[in-house]
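In: Model the structure of this input:
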Amino acid sequence: MEQLLTANVATNMYWLGRYLERIETTLYKIEEAFDNIIDVDKNAGVILYEKFGVELEYTDSVDFLKNAIFGDHQANIAAMTANARESAIISRIYINASAFGEIIELDAIFKKISINETPINYNDLDHALSLIKEIWGEKTTRGKQRSSDYFFTLGKLVEEVDNRVRFNGNLEMTNLIIEEINGIFKLLSPELDLSVDFLKENGLKVRLDLITRVQKSVEELIIED
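Out: Modelled structure (predicted):
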């Protein structure tokens with residue numbers, strides 16, 4: 001696992017994992033809301049984006065997709081993919097060629113739609129999701145794990161916990177993920193004795209407190225690294 005990383009690269013590998021997990025979760029939620037807007041409840045997109053802290057407005061299902069992906073808000077998919085691309089470029093030498101190409105292609109999907117103003121459809125979203133699955137596969141099939149891989153995985157797990165708390169996921173499963181996070185902390189820097197407390201409930205305050213604690217621990221880890 002020995003590998004010298006700059007603080008900048010460690011940070012960007014961590015955020016690359018977070019962005020990809022955030023994009024994947026959000027895309028699945030968008031597809032679910034899109035179906036519900038058509039068949040069940042026109043306000044399904046409003047309800048979804050309230051959980052992201054966003055007041056999303058739209059006229060129909062097609063307009064929902066447009067505003068979900070390109071709207072001026074913090075859960076903008078196009079902005080997330082652009083951020084993932086920038087993190088990947090900064091960390092380029094620690095990402096294999098296939099995974100790097102898939103990250104660039106992921107961002108290109110939404111840039112192309114934006115420039116051409118073509119309607120967004122399920123094929124676009126499914127293509128993006130399949131690319132993310134391939135990226136996860138490229139990272140998990142690597143033989144010996146390096147420090148950069150652990151920072152990447154740490155970001156993915158932290159974002160997964162964030163999303164699970166946001167959407168009231170099962171606490172037992174959430175705490176298993178927290179246990180994985182603590183395991184990575186110990187692997188990367190056992191002398192710091194970093195750890196995150198297990199959760200007893202979900203909720204906005206719990207989520208914000210958790211992410212604050214995790215982020216502080218990650219910053220300590222990166223400075224130490």
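In: Would you mind pulling up the elements that the helix or strand of the chain with the lowest mean pLDDT packs against?
Out: None of the helices or strands of the chain scores lower by mean pLDDT, DSSP states H and E than helix 204-224, at a mean of 82. Applying 3 or more Cβ pairs under 8 Å, 6 or more residues apart in numbering; DSSP states H and E, we find helix 204-224 packed against helix 7-39, helix 147-166, helix 171-188. Glycine gets a C-beta too; all of them are placed from N, C-alpha and C.
In: hmm, who's touching it?
Out: 7, 10-11, 14, 151, 154, 158, 161-162, 165-166, 181, 185, 188-189, 191-192, 194-197, 199 (Cβ atoms under 8 Å, 6 or more residues apart in numbering).
In: coming back round to it: take the helices and strands packed on helix 204-224 and write them to CSV, including mean neighbour count.
Out: Converted to CSV, those look like this (neighbours: other Cβ atoms under 10 Å):
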stretch, mean neighbour count
helix 7-39, 20
helix 147-166, 23
helix 171-188, 16
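In: Rebuild these as a markdown table, extending it with mean pLDDT.
Out: Converted to a markdown table, those look like this (pLDDT from 0 to 100):
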| stretch | mean pLDDT |
| --- | --- |
| helix 7-39 | 95 |
| helix 147-166 | 92 |
| helix 171-188 | 93 |
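In: So which of those is nearest residue 115?
Out: Nearest to residue 115, of all those, is helix 7-39, at 19.4 Å by Cβ to Cβ.
In: What are the buried residues along the next helix or strand along the chain from that closest one?
Out: Proceeding C-terminally, helix 7-39 gives way to helix 44-50 as the next helix or strand, assigned by DSSP states H and E. By neighbour count on 16 or more other Cβ atoms under 10 Å, the buried set for helix 44-50 is 44-46, 48-49.
In: For residue 183, see how far away the residue nearest to residue 53 when sequence neighbours are not counted is.
Out: Using Cβ to Cβ, 6 or more residues apart in numbering and skipping residues adjacent in sequence, the residue nearest residue 53 is residue 74, 6.9 Å away. With distances taken as Cβ to Cβ, to the nearest Å, residue 74 is found 30 Å from residue 183.
In: ditto for residue 32
Out: The gap separating residue 32 from residue 183 is 31 Å, by Cβ to Cβ.
In: Is residue 55 in a helix, a strand, or coil?
Out: Going by DSSP: H, G, I helix; E, B strand; the rest coil, the secondary structure assigned to residue 55 is coil.
In: thinking again about what came up before, now tabulate the helices and strands packed on helix 204-224 in a markdown table and tack on distance to residue 84.
Out: Output for these, formatted as a markdown table (distance: least, Cβ to Cβ, whole Å):
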| stretch | distance to residue 84 |
| --- | --- |
| helix 7-39 | 4 |
| helix 147-166 | 10 |
| helix 171-188 | 20 |
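In: Quick check: which of those helices is nearest to residue 109?
Out: The nearest among the helices and strands packed on helix 204-224, by Cβ to Cβ, is helix 7-39 at 10.9 Å.
In: Let me know the angle separating the closest one from helix 204-224.
Out: With axes from the mean of the first three to the mean of the last three Cα atoms, to 10 degrees defining the directions, helix 7-39 sits at 150 degrees from helix 204-224.
In: got the angle between helix 7-39 and helix 147-166?
Out: Going by the same axes, to 10 degrees, helix 7-39 makes 40 degrees with helix 147-166.
In: Please name the nearest non-neighbouring residue to residue 198.
Out: With Cβ to Cβ, 6+ apart, the residue lying closest to residue 198 is residue 175, at 4.5 Å.
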